[in-house]
Structure formats: C-alpha cells, structure tokens
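Enquirer: Return a 3D structure for these sequence lines:
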Amino acid sequence: MEAGAKLTSQDNEGKTPLMTVLLQRPALEKNMKILIRLFEGTRALNMQDNDGNSLLHLAASMGESKYTKDTIKRLLKRKADATCLNKEEFSPKERAHHHQNWAVKKIFEDWFTQK
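Expert: You can find the predicted model right below:
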C-alpha cells in the first residue's frame, strides 16, 4: 500500500489483491487479518471477480480449515456482503453448500440468524 498499490485494482481474471492473498491460504493469514481490518466497510471487501465471486464466495469454496472459517467470520464482522450473488446466482452460503463445506455453511446460517 505504501508503494501505491490499490486494493480495488483487478487482474485479468478480475481478482483483487485481497482475493489473491485469500487464495494463498494460511501462508498469508496474518496479512489477511490486517487487510480485512484495514478495509472494513470499504468497497474492497465486496468487489467481485469476472465470475462474480466476492471474497466470501471464494472463502466459502475453499474448504473447512480453521483459516477459512476464521476469515469468513472476520469478513462478516467487517461488513462483507453475505447476500451478493455471483454469475451462477449463488450466494456465499450456497457456494459453501455446493462444495459440501457444512461448517462454513453453518457460519453463514448463524450470522443470518443473529442479524
């Protein structure tokens, strides 16, 4: 960021720097925690790639690791949009279901219940 990186820039697949960090999984977990906190409530947390996937969609598709579950909880806490649909018209919760990530799906269900 100090070198002028824009978190809303997108590569040829529409992936933002935040999406790239997310997909690196636990290797960059500390960085992801910091970035999510820094960009709370900004457009960067809800941008979508060329397939319409947001950070929540991507995380919901990654499996049920501690990293994934913690990241989803952080994103929800920091106002990421859990209701947005991708080009397949799946919400992040539906992506979790599609990938049989039941613990991740439960995080979304609990979050919607608490709202």
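
Enquirer: what packs against the host helix or strand of Val21?
Expert: Using DSSP states H and E, Val21 maps to helix 17-23. Using 3 or more CB pairs under 8 Å, 6 or more residues apart in numbering; DSSP states H and E, the elements in contact with helix 17-23 are helix 29-38, helix 55-60. In this view, the C-beta of every residue, glycine as well, is placed from N, C-alpha and C.

Enquirer: Name all residues that make contact with the residue nearest the centre of the chain.
Expert: Most central in the chain under CA atoms, centre = their mean is Leu55, positioned 2.3 Å from the mean C-alpha point. Leu55 makes contacts with Leu18, Met19, Leu22, Leu45, Asn46, Met47, Leu75, Ala80, as judged by CB atoms under 8 Å, 6 or more residues apart in numbering.

Enquirer: now do Ile107
Expert: Counted by CB under 8 Å, 6+ apart, Ile107 has contacts Lys69, Ile72, Lys73, Leu76, Ala96.

Enquirer: Compare those and tell me which has the most neighbours.
Expert: Ala96 (29 neighbours; other CB atoms under 10 Å).

Enquirer: Need the pLDDT of that one.
Expert: Per-residue confidence (pLDDT) for Ala96: 97.

Enquirer: end-to-end on stretch 90-106?
Expert: 16 Å (CA to CA, to the nearest Å).

Enquirer: Would you mind listing the buried residues in that stretch?
Expert: Phe90, Ser91, Pro92, Lys93, Glu94, Arg95, Ala96, His97, Asn101, Val104, Lys105 (16 or more other CB atoms under 10 Å).
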